[in-house]
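Colleague: Curious how this folds, go ahead:
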Amino acid sequence: MKLDEICRVLEGLAPLYLAQSWDNVGLLAGDPQAECTSISLAIDLTAAVLDEAIEHKHDLVLAYHPPLFKPISSLRANSSDTDAIIWKAIRNNIAVYSMHTALDAADGGTNDVLAEICGAADVQPFEYADDNRRECKIVVFVPAENVDAVADAMADAGAGVIGEYEKCSFRIPGTGTFRGSAQSSPTVGQAEQYETVDEIRLEMVAPSTKLPGVVQAIRQAHPYDEPAFDIYPLQPRPVRGIGRIGRLARPASLTKLAALLKQQVPAQAVQIVGDPAARIERVAVCVGAAGSLPFGLGLGVADCLITGEIRHHDALAIERMGFHAIALGHWASERPVLVSLAQTLRERLPGVPITVSEADRDPFQISD
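Modeller: Just a heads-up that it's a prediction; the model follows:
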């Protein structure tokens, strides 16, 4: 498959608009028209992960963390920064794609996987964010015999797409009235005469970026020399945001929940904040570093934050507020998603080998 085909599948699983504004997601390096025959999945694109990809002749490394976070001024092979890894990937015709916070927010992404490991049910996001894609509703009034032609023209220009459906419209019959001036050339009736005509109110949505083309399509397909149409800006749709919160199907003590998680994720050590014997009934899950995000959730004595790492002063705040926390390690909290993501990609990309990197590892080690 071509790389751009694979990128479309990846964007379908974790739409880029779900990512945080500060993040850098999507295709970071590579030729969209290049052939891609195998993919390696990793949390971090390290030198070891890249060497493994070169050895096994992978064409794409899907690195959860973007190795490029901000604009770079140079790509140097001898750099100690990640630009050297990107340089080597390019030299070896290996593309790099990152999902990061888009995958955190997506259905079935990092937070959903960790919530499932916890045994959480009735899981909901911490927050719902606005979909950054701006849409409009276009309403046009068309004679009944011309409505299909106008609707088809609008659809060809990009209107009428809702989720996985296309050519979506709503139609209401009614009566249109007009009186043309002496200089008019009405399609129906005579100039300077009051006329009525059976028309259909045709409604279709369209991305704001497609609006000029849709309006042009209306003018070209509509039988009237001056078609009547209205354009209404739409409020962005709420979409799933960062984090998940849900009730445990089987409440457990803080220490038992921590032990369960240590068994299920590749955590070398687990830290807890709060009363070890506390009965945990609800979990708030945020992979990586939750920061101050959970403090606005109203968590209480039966609640536990599950995350990767917690700052010292945030741990003190958790104690003061009376809830609990488990820190699994940044990498360990994110790594479980790779197994489920690999399986999903095998289903969506049949014939393209998908491998979870064995060289990908936690940079922190436990000393004997």
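Colleague: Every contact and neighbour count from this point should use C-alpha atoms.
Modeller: OK.
Colleague: Could you give me the buried positions within stretch 32-44?
Modeller: Cys36, Thr37, Ser38, Ile39, Ser40, Leu41, Ala42, Ile43, Asp44 (16 or more other C-alpha atoms under 10 Å).
Colleague: Quick check: which ranges of this structure have low pLDDT?
Modeller: 130-132 (pLDDT under 70).
Colleague: picking up where we left off before, can you list which of the buried residues of stretch 32-44 are found in strands?
Modeller: Taking DSSP state E, the ones among the buried residues of stretch 32-44 that sit in strands are Ile39, Ser40, Leu41, Ala42.
Colleague: now these in TSV, with distance to Leu261?
Modeller: As requested, these are exported to TSV (distance: C-alpha to C-alpha, whole Å):
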residue	distance to Leu261
Ile39	28
Ser40	26
Leu41	22
Ala42	21
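Colleague: Whichever strand or helix holds Ala155: which residues count as buried?
Modeller: Remark: Ala155 resides in helix 147-156, with elements defined by DSSP states H and E. If you call a residue buried by 16+ other C-alpha under 10 Å, then helix 147-156 has these buried ones: Val147, Val150, Ala151, Asp152, Ala153, Met154, Ala155.
Colleague: With distance to Arg361 added, can I get those residues in JSON lines?
Modeller: Shown next, in JSON lines, are the buried residues of helix 147-156 (distance: C-alpha to C-alpha, whole Å):
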{"residue": "Val147", "distance to Arg361": "59"}
{"residue": "Val150", "distance to Arg361": "56"}
{"residue": "Ala151", "distance to Arg361": "54"}
{"residue": "Asp152", "distance to Arg361": "52"}
{"residue": "Ala153", "distance to Arg361": "53"}
{"residue": "Met154", "distance to Arg361": "51"}
{"residue": "Ala155", "distance to Arg361": "48"}
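Colleague: Quick check, Ser181 in contact with Glu192.
Modeller: Yes. Between Ser181 and Glu192 a contact is recorded at 5.2 Å, counting by C-alpha atoms under 8 Å.
Colleague: Compare those two (neighbour count), which wins?
Modeller: Glu192 (15 against 12; other C-alpha atoms under 10 Å).
Colleague: residue boundaries of the strands in the stretch 201-350 of the chain?
Modeller: Residue ranges of the strands in the stretch 201-350 of the chain, as given by DSSP state E, counting those that start in this stretch, are 229-233, 238-240, 244-253, 271-273, 279-289, 303-309, 324-327.
Colleague: elements contacting the last one?
Modeller: Yep, that's strand 324-327 we're talking about. Where contact means 3 or more C-alpha pairs under 8 Å, 6 or more residues apart in numbering; DSSP states H and E, strand 324-327 is packed against strand 271-273, strand 303-309.
Colleague: do that again at 10 Å, thanks
Modeller: helix 254-264, strand 271-273, strand 279-289, strand 303-309, helix 312-321 (3 or more C-alpha pairs under 10 Å, 6 or more residues apart in numbering; DSSP states H and E).
Colleague: what's the answer for the longest one, then?
Modeller: Here strand 279-289 is seen to pack against helix 100-105, helix 110-118, strand 120-125, strand 244-253, helix 254-264, strand 303-309, strand 324-327, helix 330-334 when contacts are counted using 3+ C-alpha pairs under 10 Å, 6+ apart.
Colleague: now the angle from the longest one to helix 110-118?
Modeller: Between helix 254-264 and helix 110-118, the angle comes out at 110 degrees (axes from the mean of the first three to the mean of the last three C-alpha atoms, to 10 degrees).
Colleague: mind giving me the domain ranges of this protein?
Modeller: If the domains of the chain are taken from automatic domain parsing, they occupy 3-103+336-356, 110-127+241-328, 135-235, with pieces of a single domain joined by a plus sign.
Colleague: What's the end-to-end length of the second one?
Modeller: Meaning domain 110-127+241-328. Here the two ends of domain 110-127+241-328 are set 14 Å apart, with distance taken as C-alpha to C-alpha, to the nearest Å.
Colleague: Over to the first one?
Modeller: With C-alpha to C-alpha as the measure, the first residue of domain 3-103+336-356 is 19 Å from its last.
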